[in-house]
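Q: next one to model:
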Amino acid sequence: MSDNDKNTINNNLDERYQITTRVTIVGAIVNLVLAVFKIIIGSIGHSHALIVDGIHSFSDLLSDGLVVLAAKKGNQSPDDDHPYGHARIETAFAAVLGGILIAVGVGIVVDALDRLTSGNIVTPESMTIWVALLSVLSKEALYRYTLIYANQLNSPILKANAWHHRSDAISSIVVLIGIAGSMSGIPYLDAAAAVIVSMMIAKIGWEIAKESIEELVDKGLDPEKVQSISRHISEIPGVSQMHMLRTRQMGAEALLDVHIEVSPQLSVSEGHRISDEVSAQLTNEFPDISQVLVHIDPENDEANSSCSHLPLRNEIILDLEKCWGTITQAQFIEDITLHYLDGKVSVQLIMPLSVLPDSSEPVILIEQFNASIKSLDYINRLELLYR
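A: Below is the predicted model of the structure:
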């Protein structure tokens, strides 16, 4: 990786960390103010639900701290121990945050059931309604604000925190309904609504945790996106076809491993050039793809016979030289090209044209070489080329 590429990565990571931190600090300040305000007004206005919601807001400060820590750790540059970077730290923290949402949902259920069974119902003061309404509006605003940047950065931890704000807004709606219900003569309305909404909060937490865990165990990209990537690869000049594509998500980035077929007669350098083109086009066409590992195949190694059992070049050359030891022209061979295809080896010999005294010599010479290697059952065919 060049110094320019490293600088670009570092700049992007720094900007990502700064945005994540700024958005989270805004949320933390709002949570702190709401928590203090709800506990004080809840105590003065005799609203147990508002006090519990204030304690809930204090717990949000913990999740905000997790987000900042995840952003700092997850956006560090790659190092020797983490050559692919630290993006999955962010994903792991998103899974933790999803677990917090599940716990919040369960906690609201427990609290609501306790209020239903204890019969300890106190009618709150009207001031508590306005605080609950303020909490709903503030949390919904935080949700929308955080989600904008979460989508911009494709950040799983910010998305999780955005939904955490939304769950808090829903929780405050429960409090608002409960207070209004109590003041209107329906004392158990808030508890019933709390049970329903808490299930929604737990469901959101489950979805966030499930998605994060799937990413941690290398779940592939969305099938529609994989199909789009496959179509794009097949349209690149030089690619005969593609027979394997593996994808995985790492934080906001996607990693790809792809096997492509090229003409078996291409040079190594041309095959490498095609692989560079595949990588460049995919990273340009799909901004979230950060790395592409391209494996060049001269044939479909899933459908054709394997060549892994065949000898390597040095052993093959020794076998060939033993076979054609009696052929005088063999000493003039300038180069030998081997093609491993469909479980066999094809051999191309490069010789100077000057070894041919007359026009009939090429036919005789190729017959001699082919006759000499009949004992080598791993040889498919032998060709003579002149220059």
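Q: for the protein, what helix or strand is lowest in average pLDDT?
A: helix 48-74 (a mean of 69; mean pLDDT, DSSP states H and E).
Q: immediately after it, which helix or strand?
A: Counting by DSSP states H and E, the next helix or strand C-terminal to helix 48-74 is helix 87-118.
Q: report the buried residues of the next helix-or-strand element following that next one.
A: Counting by DSSP H and E, the element after helix 87-118 in chain order, helix or strand, is helix 127-153. Across helix 127-153, burial judged by 16 or more other C-beta atoms under 10 Å covers 128-129, 131-136, 138-140, 142-143, 145-147, 149-150, 153. Any C-beta I mention is one placed from the backbone N, CA and C, and that applies to glycine too.
Q: now the angle from helix 127-153 to helix 87-118?
A: With axes from the mean of the first three to the mean of the last three C-alpha atoms, to 10 degrees defining the directions, helix 127-153 sits at 160 degrees from helix 87-118.
Q: and helix 127-153, how far out from the chain middle?
A: Its chain's average C-alpha position is 29 Å from that of helix 127-153, according to C-alpha atoms, centre = their mean, to the nearest Å.
Q: please renumber the chain so that the first residue is 673 from this point on.
A: With 673 as the first residue, the last one maps to helix 799-825.
Q: by contact count, what packs against it?
A: helix 675-716, helix 720-746, helix 828-855 (3 or more C-beta pairs under 8 Å, 6 or more residues apart in numbering; DSSP states H and E).
Q: what mean pLDDT does that helix have?
A: The average pLDDT within helix 799-825 is 89.
Q: repeat that for stretch 1023-1034.
A: Rounded mean pLDDT across stretch 1023-1034 is 74.
Q: what's the span of that stretch, first residue to last?
A: Taking C-alpha to C-alpha, to the nearest Å, stretch 1023-1034 runs 11 Å from one end to the other.
Q: on that earlier part again, relative to residue 1052, which of the helices and strands packed on helix 799-825 is closest?
A: helix 675-716 (43.0 Å; C-beta to C-beta).
Q: could you give the angle of the closest one to helix 799-825?
A: Helix 675-716 and helix 799-825 are oriented at 170 degrees to each other (the same axes, to 10 degrees).
Q: chain center to helix 675-716: distance?
A: 24 Å.
Q: just checking, what packs against it?
A: In terms of contacts (3+ C-beta pairs under 8 Å, 6+ apart), helix 675-716 is packed against helix 720-746, helix 799-825, helix 828-855.
Q: ok, which of these comes nearest residue 790?
A: Across these, the minimum distance to residue 790, taken as C-beta to C-beta, is reached by helix 720-746, at 10.2 Å.
Q: quick one, what contacts the residue nearest in space to the middle of the chain?
A: Geometric centre of the chain, nearest residue: residue 921, 0.8 Å, by C-alpha atoms, centre = their mean. The contact partners of residue 921, taken as C-beta atoms under 8 Å, 6 or more residues apart in numbering, are 763, 887, 891, 893, 927.
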